[in-house]
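Colleague: fold the following and give me the result.
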Amino acid sequence: MADETDKSVCSVEEAARQAGRKGPPPVHLWNPDYCGEMDLTIRADGTWVHEGRPIARPEMVKLFASILKREGDRFFLVTPVEKLGITVEDAPFLAVDAEIGADRITFTTNTGDEVTAGPQNPIRVDERDGAPRPYVHVRRGLDALIDRKTFYRLVDAAQVDAEDRLVLRSDGATFVLG
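Modeller: Numbering: from 1, shown residues only. Here you go, the predicted model:
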């Protein structure tokens, strides 16, 4: 079984490498057979852990992130020929910075993705254990948890609207922070 897992990791890694050379792969078009679970967890703090050990190479995390797919509440690494289930504790990405302009907010994630908040990439704030949990949509059902320092910067840039809500505007859309 360990040999099969090693082969799966290698083939997923190779597919991610090839896909990364041509831009984002069309994972939404791939529907391979489910091959089982991979011992990979994306922790709530953005750390990717394989077989109990954090993945130390950022390039490897970026490669795996490029072939990440969400189906309902489940997350998978997919290639055109296989699909491996993984565990995501919160959101698969972490928004670690934001460029906050007068009418546009562009986030950078821990995997190097850049996403501009707007109608296709909304900002939302959920609540967990009485604390706000802010997210921005990155792509195809995949969100980034906005880290604390970036969220504080967003709150500082927000304005109070006519309904006495704290709001942000970006790319023609308005987002309520609280």
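
Colleague: excluding its backbone neighbours, what's nearest residue 141?
Modeller: residue 70 (4.1 Å; Cβ to Cβ, 6 or more residues apart in numbering). Every residue, glycine included, has its C-beta placed from N, CA and C.

Colleague: please apply the same query to residue 80.
Modeller: Distances taken as Cβ to Cβ, 6+ apart put residue 30 closest to residue 80, at 5.2 Å, once the chain neighbours are dropped.

Colleague: I'd like to know how many residues surround residue 81.
Modeller: Residue 81 has 11 neighbours, counted by other Cβ atoms under 10 Å.

Colleague: could you confirm it falls within a helix?
Modeller: No. In this structure, residue 81 is coil, not part of a helix, as judged by DSSP: H, G, I helix; E, B strand; the rest coil.

Colleague: for it, give me the pLDDT.
Modeller: Looking at residue 81, its pLDDT is 93.

Colleague: I'd assumed residue 34 was in contact with it.
Modeller: No. Counting by Cβ atoms under 8 Å, residue 34 is not a contact partner of residue 81; they are 11.7 Å apart.

Colleague: ok, back up a step: tell me who's in contact with the residue nearest to residue 80.
Modeller: Residues near residue 30 by Cβ atoms under 8 Å, 6 or more residues apart in numbering: 69, 78, 79, 80, 83.

Colleague: distance check, it against residue 123.
Modeller: Applying Cβ to Cβ, to the nearest Å, the value for residue 30 to residue 123 is 29 Å.

Colleague: between the contacts of residue 30, which sits nearest residue 89?
Modeller: Nearest to residue 89, judged by Cβ to Cβ, of the contacts of residue 30 is residue 69 at 17.3 Å.
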